[in-house]
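1. Build me a structure from this.
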Amino acid sequence: MLKNANSCYFLLLILFLSSNTLLAQYIPEFDYNKNEVGAVYQFSFVHITDVHIGEGQGDYGTSGFKNDTMPNGDVGYSAERLRKAVNWINNNYIDKNLKFIIVSGDLTDSGEKSEFDKFKEIMNASQIPFVPTIGNHDAWPYVRFKQESHKADGDSIINSIFEDTYNNCATFFDNWDNGTRLNAWLNPETNDNSYLFNFYFEYNNFNFYMIDFNPRYHVNKNEPGIGPEAQLYDYDGGTFQWLKSHLANNQHLASHNTFIISHQPPSTDIVIMPFYTLDATEYDKMMKILYPYQSNLAVWLAGHIHRDKHYMASTLNGYNVMEVFETRANKEYEDSYFRIYNVYGVPNVVNGIKNNQNINLSIYPNPSIGRFEIDATHLSSDYLIKVADASGKTVMNSSLKAVPLTNGVYQFDFSTLNKGIYFMTLYNDDNIETIRLVVQ
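-> Okay, here's the model as predicted:
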């Protein structure tokens, strides 16, 4: 009997190791900054997206969607697959130096309270903190073909259910800022209040912006919930205005250290853009507010489209802004699916502006002892100015209105700057230009 028991134990061990190995095969890793000069490994974190607790289950838990109770156990394949992800993380977080988990939306399939509760129950088993945010499937609670909420109040449900989760995050992370998450703003598209999940935190000198593009109006067909497209929310209290203001006033925005996370990606894929991401006009608007910080931006993380894709987000006129990683849906893989980011710090920024070649403005003399001139013919006075040194550190912020204009020529005086290479970016809502300066 002992021999048979040992054989059974050995077989179970093989099956366990095989399962763990199989899961490991589906976990891509990305090393951010690893190949830069002087890079030093800092930490790792996990990105999970599109969990969809309750998918295929009809009415999840007890009857209804607002005050219903979750079922016992991991009911449904999406719950089972999330549990596998958490188990793997718990078994490997020490060896992998995993510090936290970001879950970028679609926590649930239909925004039922029972689905949120089950997601939280599973994630609470994690040995490391998790940061959840909203996806389009979370925004408008419903039970398909039976009943649905009269408005997109899934955001208020998330705030209630995950109140202690966010409070714990506020103690774990540095400079936690709830942003617009706890404030109900009047949404002009629905004429109702929305809690937009725009918030910010820091970890080990890296910045993380969580931003909300999820629409709140009802899908325009005979189905419950909201659609898959993205909304910029360019109004007071909206996503665009909040991000624009926070970036401009963020004193901790250092070189190459800012991650952006959203459910919908900022895709440059024209085929899918109008249906699953921002439309071209809103996309361009977003890229233009990010571009002045280009040398401070790391990677944009997203899900929603259920695919792995790595590309460069750029302005529509071709200026690179930041890398984007879309991650596949966790719920679509039997052994779950997520991505690990290994983050390296670097002593000096690598200025991404060097890749932009289409410079339409010329400055002269260049090099100079610090005094430069630009013909004002193609410049309007609404341009803002940002000057960064070769390490990417901003050394000057101003406006073109503050620059002396004589005989149709703007006269820039940078003689107070140390000798070296600088990059001057002139930008407004319609255009961006960057010029390399040499101060002798």
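2. Output the below-cut-off pLDDT ranges for the stretch 301-440 of the chain.
-> For the stretch 301-440 of the chain, residues meeting the criterion pLDDT under 70 lie at 348-362, 390-392, 429-432.
3. Quick one: the helices in it, in order.
-> Here the stretch 301-440 of the chain has no helices by DSSP state H, counting those that start in this stretch.
4. Now do the strands for it: every range, in order, please.
-> Here the stretch 301-440 of the chain has its strands, by DSSP state E, counting those that start in this stretch, at 309-314, 320-326, 339-345, 371-375, 384-389, 394-399, 405-406, 409-413, 420-427, 432-439.
5. residues in contact with the nearest residue to residue 138 once chain neighbours are set aside?
-> Distances taken as C-beta to C-beta, 6 or more residues apart in numbering place residue 154 nearest to residue 138, at 4.8 Å, with adjacent residues excluded. Where C-beta positions appear, they are placed from N, C-alpha and C, glycine not excepted. Going by C-beta atoms under 8 Å, 6 or more residues apart in numbering, residue 154 touches 111, 134, 138-141.
6. Enumerate the beta-bridge partners assigned to the closest residue to residue 162 other than its chain neighbours.
-> In this structure, residue 162 finds its nearest non-sequential neighbour in residue 132, 5.9 Å apart by C-beta to C-beta, 6+ apart. Following DSSP bridges, residue 132 is listed with bridge partners residue 103.
7. same deal with the one 10 residues further on?
-> Assessed by DSSP bridges, residue 142 has beta-bridge partners residue 148.
8. you'd agree it is up against residue 65?
-> Yes. Counting by C-beta atoms under 8 Å, residue 142 does reach residue 65; the two are 6.0 Å apart.
9. and the two? which has more neighbours close in?
-> residue 65 (28 against 19; other C-beta atoms under 10 Å).
10. mind listing what residue 96 touches?
-> Residue 96 sits in contact with 44, 340, where contact means C-beta under 8 Å, 6+ apart.
11. same question, the one 10 residues further on
-> For residue 106, the contacting residues are 49-52, 135-138, 263, 303-304, 329, by C-beta under 8 Å, 6+ apart.
12. now, which of these lie within helices?
-> Counting by DSSP state H, the part of those found in helices is 136-138.
13. any chance of those in CSV, with neighbour count and pLDDT too?
-> Output for those, formatted as CSV (neighbours: other C-beta atoms under 10 Å; pLDDT from 0 to 100):
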residue, neighbour count, pLDDT
136, 26, 97
137, 28, 97
138, 33, 98
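14. Helices of the stretch 51-200 of the chain, residue ranges please.
-> Under DSSP H, counting those that start in this stretch, the stretch 51-200 of the chain gives helices at 77-92, 113-123, 136-139, 154-161, 163-172.
15. ok, residue 421 - how many residues close by?
-> So residue 421, with other C-beta under 10 Å, has 14 neighbours.
16. who's it bridged to?
-> Beta-bridge partners, per DSSP bridges, of residue 421: residue 438.
17. From residue 291, how far off is it?
-> To residue 291, residue 421 is 19 Å away according to C-beta to C-beta, to the nearest Å.
18. likewise residue 213?
-> According to C-beta to C-beta, residue 213 stands 19 Å off from residue 291.
19. Out of these two, name the residue with the larger neighbour count.
-> residue 213 (29 against 23).
20. I'd like the helices of the stretch 51-200 of the chain written out as JSON lines, with distance to residue 389 added.
-> Shown next, in JSON lines, are the helices of the stretch 51-200 of the chain (distance: least, C-beta to C-beta, whole Å):
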{"stretch": "helix 77-92", "distance to residue 389": "40"}
{"stretch": "helix 113-123", "distance to residue 389": "43"}
{"stretch": "helix 136-139", "distance to residue 389": "42"}
{"stretch": "helix 154-161", "distance to residue 389": "41"}
{"stretch": "helix 163-172", "distance to residue 389": "33"}
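21. Ok, which of these comes nearest residue 209?
-> Minimum separation from residue 209 across those (C-beta to C-beta) falls at helix 163-172, 14.3 Å.
22. Counting by contacts, list what the closest one packs against.
-> strand 130-133 (3 or more C-beta pairs under 8 Å, 6 or more residues apart in numbering; DSSP states H and E).
23. Show me what the strand it packs on is in contact with.
-> Against strand 130-133 from outside (C-beta under 8 Å, 6+ apart): 100-105, 107, 119, 123, 158, 162, 165, 169, 197, 201, 210, 212, 261-263.
24. Now with 7 Å, please.
-> With C-beta atoms under 7 Å, 6 or more residues apart in numbering as the test, strand 130-133 has contacts from 100-105, 107, 123, 162, 165, 169, 197, 210, 261, 263.
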